[in-house]
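Participant: next comes the sequence, and after it the predicted model I'd like to discuss.
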There are 2 protein chains.
Amino acid sequence: MRTLIVGGAGFIGSHLCDALLRDGHSVACMDNLSLGTAQNISHLLLQKNFTFYQLDAAVPEDLESIFSKEKIDYVFHLAANSDIQASSEKPEVEYRNTYTTTFNILYFMKKYSIKNLFFASTSAVYGDKRDTDLSENTPGLSPISYYGAAKLGSEALISAYTYMNDMSSLIFRFPNVIGPRLTHGVIFDFIDKLNKNNTELRILGDGRQSKPYIYVSDLVDAIMQFMNIGKQGTEIYNIGVEGETCVTKIADFLCEEMRLNDVVYQYTGGEGGWKGDVPRFSYCLDKIHMAGWEAKYSSDEAVKKTIQEVVKERK
Amino acid sequence: MRTLIVGGAGFIGSHLCDALLRDGHSVACMDNLSLGTAQNISHLLLQKNFTFYQLDAAVPEDLESIFSKEKIDYVFHLAANSDIQASSEKPEVEYRNTYTTTFNILYFMKKYSIKNLFFASTSAVYGDKRDTDLSENTPGLSPISYYGAAKLGSEALISAYTYMNDMSSLIFRFPNVIGPRLTHGVIFDFIDKLNKNNTELRILGDGRQSKPYIYVSDLVDAIMQFMNIGKQGTEIYNIGVEGETCVTKIADFLCEEMRLNDVVYQYTGGEGGWKGDVPRFSYCLDKIHMAGWEAKYSSDEAVKKTIQEVVKERK
């Protein structure tokens, strides 16, 4: 099958390229390299089933140049501004890189009659509902970040396009995803901070922000397992792991891995890391478990494994 | 209070201009006159508290030219593509006129620290849930029209902007709104068809599509009653009437009003009027009723009253 991975040189996208090629699919990888990197896919450039396009899905002509040339069977849309903290000051980044990319992709899928879509959504669509075990049927979705808003708007577009054009669309609402090739987020930040100064660590908020972290290979395995869902319509799954890991625990795991015993933690205070950050959430995973998938790594295991790998990458 | 009504020369917007002026507010009316008309507001042009700007909210510079000059206290956002049937072939119209207008308005409200917003949303955000009495807490919103998708995306943006910037936002999810100055929809279409040929009437679908119709003055009264809700955050209300009116009944009322006895109805068949049309829905109105508002006119009364008025207008 010829697949197009939009955002394919990003952290998650590049792991998905690996997995699709491993499974015998052919991959067109599109990325504007704003957050993704050439390095993430450099090991794939010589494979005959792999084509890289340095193009921007927010630009309609860029997308059409691929759709008009390639016969695509399946589109994986992982292009977005993935740095929520950065966009909290610049909502226009979400309008362009998260919402408009989705609109353009759907527009050309309609035009070129491409029926299969995978979309990377997020727990941020729910907003701050910290006392609820979030299920796909939790009512009153009310995002508190521009990122969550643009993703929920994208889900709405997918719902309408899928209905209007008899498509088959699979939406996963990701929690925090971690693993090799990470480009930002708390683990990434802490490693860079400690590489600069290994005596103290500035921690945003009160350190008790607690979220489920999924290891990237678990996520990619789930995508591979569900991508051929076949039936028409839009299917939404929460994807995640049992348990959560709080920010202070991440710092502890990291100091242990780096063999630093005397790091002083300096908390900036407050509940969330920044405005628009949801300080705590947990998922009800019944739907995806009943469909036959479960994560291999718990949240703590995913964090430890990622720390080991990213500490090496960032040396 | 200085108010800005975006889409103020439209069907609903122009009635809102009337009501705000009547209540002593000052009104800046912005409209690109793509669906709105100069005629709708011509009676207001000489009032000293009224200013009309023929500008387009999808163009950032147009909006900023108002915000940078006027000291606005309250924004009413009623600009959108309101012709769902037309956009079912042209999703880009919704991207531009419904979603992008919302993004731009919020962007400049943030920039100019304007805290109060009213937003005209729609029952189309729910999708096709015909067996449910739709309440504000109905889960799994899944629009089946590009219009519904762009409105739900707009609601998500409002949720995030309101949280991030300590705004106070009021969202009404409108059912079908009717009354004088109507510009499209089934009543409008039927009158124009019968004015051309009063022996037969082509009816989309099977005529059993059944929806609640609210009379425009009821809707505007509700906006006036709730606009000073005051508290921070986003508040969403279904607004509507008891009862529904089916399409064939509308045709019957109309033939009675026009004194046509022998009109032959020709049904195109099928459940919905067109793809993306939700054939039936009904609202649970407990929330807005408990907050102290109720419609004066039932759905059937609103239809009859509108028919009387619009038949005169379209002569």
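Facilitator: Right, received. Where do you want to start?
Participant: mind checking pLDDT for residue A:100?
Facilitator: With respect to pLDDT, residue A:100 scores 98.
Participant: next one: residue A:225
Facilitator: 97.
Participant: please tell me how far the closest residue to chain B within the stretch 151-300 of chain A sits from residue A:99.
Facilitator: Proximity to chain B, evaluated over the stretch 151-300 of chain A using Cβ to the nearest Cβ, is greatest for residue A:153 at 2.9 Å. C-beta: built from backbone N, CA, C; applies to glycine. Separation of residue A:153 from residue A:99 (Cβ to Cβ, to the nearest Å): 5 Å.
Participant: same check on residue A:38?
Facilitator: Counting by Cβ to Cβ - residue A:38 and residue A:99 are separated by 26 Å.
Participant: what about the two, which has more around it?
Facilitator: The neighbour comparison of residue A:38 against residue A:99 (other Cβ atoms under 10 Å in any protein chain shown) goes to residue A:99, with 28 against 12.
Participant: show me where the stretch 51-200 of chain A has helices.
Facilitator: Remark: helices assigned in the stretch 51-200 of chain A by DSSP state H, counting those that start in this stretch are A:60-67, A:84-87, A:91-94, A:101-111, A:146-164, A:186-196.
Participant: any idea which of these is most buried?
Facilitator: Stretch with highest mean neighbour count among the helices of the stretch 51-200 of chain A: helix A:146-164 (a mean of 28; mean count of other Cβ atoms under 10 Å in any protein chain shown).
Participant: and the angle from it to helix A:101-111?
Facilitator: Angle, helix A:146-164 to helix A:101-111, by axes from the mean of the first three to the mean of the last three Cα atoms, to 10 degrees: 10 degrees.
Participant: tell me the mean pLDDT over helix A:146-164?
Facilitator: Mean per-residue pLDDT for helix A:146-164: 98.
Participant: pull the distance from that helix to the chain's centre.
Facilitator: Mean-position distance between helix A:146-164 and its chain equals 16 Å (Cα atoms, centre = their mean, to the nearest Å).
Participant: quick one: list the elements packing against the helix or strand of chain A with the lowest mean pLDDT.
Facilitator: Least confident element among the helices and strands of chain A, by mean pLDDT, DSSP states H and E: helix A:84-87 (a mean of 86). In this structure, helix A:84-87 packs against helix A:91-94, helix A:146-164, with contacts taken as 3 or more Cβ pairs under 8 Å, 6 or more residues apart in numbering or on different chains; DSSP states H and E.
Participant: nearest to residue B:170, of the ones you listed?
Facilitator: For the helices and strands packed on helix A:84-87, proximity to residue B:170 was assessed by Cβ to Cβ; helix A:146-164 is nearest, at 17.5 Å.
Participant: how about the residues of chain A by chain B?
Facilitator: Neighbours of chain B within chain A, by Cβ under 8 Å from any Cβ of the partner chain: A:88, A:91-92, A:95, A:99, A:103, A:106-107, A:110, A:125, A:127, A:136-146, A:148-150, A:152-154, A:156-157, A:159-161, A:163-164, A:234, A:275-276.
Participant: excluding chain neighbours, what is closest to the residue of chain A most remote from its centre?
Facilitator: Of all residues in chain A, residue A:262 has its C-alpha farthest from the mean position, at 33.6 Å, by Cα atoms, centre = their mean. Nearest residue to residue A:262 in three dimensions, chain neighbours excluded: residue A:199, at 6.8 Å (Cβ to Cβ, 6 or more residues apart in numbering or on different chains).
Participant: just list the residues touching that neighbour, thanks.
Facilitator: Listed by Cβ atoms under 8 Å, 6 or more residues apart in numbering or on different chains, the contact set of residue A:199 reads A:262, A:263, A:264.
Participant: doesn't the first one fall inside a helix?
Facilitator: No. Remark: residue A:262 does not belong to a helix; assigned using DSSP: H, G, I helix; E, B strand; the rest coil, it is coil.
Participant: mind giving me the domain split of chain A?
Facilitator: Using automatic domain parsing, the domain parsing of chain A gives A:2-177+A:214-238, A:180-211+A:243-280+A:298-313.
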